[in-house]
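Visitor: here is my input; please provide its structure:
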Amino acid sequence: MALPHTWRPLGVRLAVVFFGGMLVAICAFAWFGFDPSIRARFTFFQRSTLVALGLLAGSVAYALARSRVVADEVGLTVVNGYRRHVYDWAQVVAVRLPQGAPWATLDLADGTTMSVLAIQGSDGDRARTAVHALRALIDR
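Guide: As a prediction, this is how the structure comes out:
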């Protein structure tokens, strides 16, 4: 496998785009479908609360969609949400994706584990292929 290589979740990204787009469209149709007299009853605080909730949901969706694992000559960079972790190859002992697990985990040399949201169990064969590729990189 040529390095650098990046793995990203497919199902999560599709769900964010599809369901996020549908939610925005439904909310927009509902808002503009209201009678102008009903829209006028919403206070500034109520409108700003709706916008804030939309921004919060968007930031969570963006955090999930931006998850990735990048393997390069030096090691692994794991991005989970808004957190970024960089590991040398010597720090990574193994990668696991047990049957029914939501995502892969890295076993680290210090005895801890790190969740890898970029490799989602719901992606099926795509996730298993990513785990096998990562195992081959760890073993070399």
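Visitor: how about E73, phi and psi?
Guide: In terms of degrees, to the nearest 10, the main-chain angles of E73 are phi -60, psi -30.
Visitor: what's the burial count for it?
Guide: Neighbourhood size, E73 [other CB atoms under 10 Å]: 7. Just so you know, the C-beta spots here come from the backbone N, C-alpha and C atoms, and that holds for glycine as well.
Visitor: surely it meets A2?
Guide: No: the pair E73 / A2 is not scored as a contact, 10.8 Å apart, by CB atoms under 8 Å.
Visitor: show me the strands in this protein, by range?
Guide: Ranges of strands within the chain are 5-7, 68-71, 75-80, 83-88, 92-96, 103-108, 113-120, based on DSSP state E.
Visitor: make a markdown table from the ones you listed and add mean neighbour count, distance to L50 and mean pLDDT to it.
Guide: Formatted as a markdown table, those follow (neighbours: other CB atoms under 10 Å; distance: least, CB to CB, whole Å; pLDDT from 0 to 100):
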| stretch | mean neighbour count | distance to L50 | mean pLDDT |
| --- | --- | --- | --- |
| strand 5-7 | 16 | 36 | 96 |
| strand 68-71 | 20 | 31 | 96 |
| strand 75-80 | 19 | 29 | 96 |
| strand 83-88 | 12 | 28 | 96 |
| strand 92-96 | 16 | 42 | 96 |
| strand 103-108 | 19 | 32 | 96 |
| strand 113-120 | 21 | 28 | 95 |
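Visitor: how about a markdown table for those strands, with distance to Y62 added?
Guide: As requested, these are exported to a markdown table (distance: least, CB to CB, whole Å):
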| stretch | distance to Y62 |
| --- | --- |
| strand 5-7 | 17 |
| strand 68-71 | 13 |
| strand 75-80 | 12 |
| strand 83-88 | 14 |
| strand 92-96 | 25 |
| strand 103-108 | 18 |
| strand 113-120 | 13 |
